[in-house]
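J.: only the shape, not the letters, is given here:
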């Protein structure tokens, strides 16, 4: 019964993802969906040991980020109507749903050791990370994968997806890339929106009891 419920939930989330992406009216949506399925996007976890580290977690996270981003969009427009041109609804949906497609093919199922409630080491299913298929990076990989699917992105969508990790992106250590990030955030408010939605989704909506996990 539990397996059937999880399967139904996975199907519901995928249908919701596809409906949201198709609502943009963009050409190439079907190609993106097909390619993401081939990459394993719809069954991948969102992380190895933190937020949503289970099958389908990446899809769930992407939907969470999209919902938070759309909510933030409405609130920002209500507070400052003049910013509406910076946040086309279709761009918010595209950038939020597709920001993490770079993760679709990097997680590999494995068995890990973990202490149970009695302090005994037991085997537990988990994930390892393998970047060998396409070791390009994070946000930049997402952009390339999407474009390779035959799906056009606006400049702002590219910037928002590329820089959604902000300081958590390792290349941030480069002064040149730091300047690029700062410039992107200055010229592209969509960057700030997607960065905020990603952080709120991962750290609040998807929060777990870290003390129990440790």
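T.: Noted; the coordinates are in hand. Here the structure is a predicted model, which is why all the values come from computation and not from measurement.

J.: use CA for all of it now, contacts and neighbours both
T.: Fine.

J.: quick check, residue 201 in contact with residue 68.
T.: Yes: at 6.9 Å, residue 201 counts as touching residue 68 under the criterion of Cα atoms under 8 Å.

J.: quick one, phi psi at the residue lying closest to residue 121 once chain neighbours are set aside?
T.: What sits nearest to residue 121 in space, not counting adjacent residues and going by Cα to Cα, 6 or more residues apart in numbering, is residue 115, at 4.3 Å. The phi/psi pair for residue 115 (degrees, to the nearest 10) reads phi -80, psi 130.

J.: let me see the contact set for the residue nearest the centre of the chain.
T.: Ranked by distance to the mean C-alpha position of the chain (Cα atoms, centre = their mean), the top residue is residue 100 at 3.4 Å. Under the criterion of Cα atoms under 8 Å, 6 or more residues apart in numbering, the contact list for residue 100 reads 58, 62, 138-139, 142, 161.

J.: most surrounded residue in the residues you listed?
T.: If you count neighbours using other Cα atoms under 10 Å, the busiest of those is residue 161, which has 28 neighbours.

J.: after the one helix or strand that residue maps to, next one along is what?
T.: Counting by DSSP states H and E, the element that carries residue 161 is helix 155-162. Counting by DSSP H and E, the element after helix 155-162 in chain order, helix or strand, is helix 175-187.

J.: so the very next helix or strand once past that next one versus helix 155-162, what angle?
T.: Taking DSSP H and E as the definition, the helix or strand that follows helix 175-187 towards the C-terminus is helix 189-200. Our comparison of helix 189-200 with helix 155-162, counting by axes from the mean of the first three to the mean of the last three Cα atoms, to 10 degrees, yields an angle of 30 degrees.

J.: which helices and strands does helix 189-200 pack with?
T.: Helices and strands touching helix 189-200, by 3 or more Cα pairs under 8 Å, 6 or more residues apart in numbering; DSSP states H and E, are helix 57-79, helix 89-98, helix 155-162, helix 175-187.

J.: switch the cut-off to 7 Å
T.: Applying 3 or more Cα pairs under 7 Å, 6 or more residues apart in numbering; DSSP states H and E, we find helix 189-200 packed against helix 57-79, helix 155-162.

J.: so where's the chain shaky on pLDDT?
T.: 1-3, 167-168, 170-173, 209-214 (pLDDT under 70).

J.: switch the cut-off to 90
T.: By pLDDT under 90, the weakly predicted segments of the chain are 1-7, 48-51, 53, 109-126, 136-137, 165-186, 207-214.

J.: what count of nearby residues applies to residue 34?
T.: Neighbours of residue 34 under the rule other Cα under 10 Å: 11.

J.: how much space between it and residue 41?
T.: 10 Å (Cα to Cα, to the nearest Å).

J.: how close does the nearest residue to residue 156 once chain neighbours are set aside sit to residue 59?
T.: Of all residues beyond its chain neighbours, the one nearest residue 156 is residue 188 (6.0 Å), with distances taken as Cα to Cα, 6+ apart. To residue 59, residue 188 is 26 Å away according to Cα to Cα.
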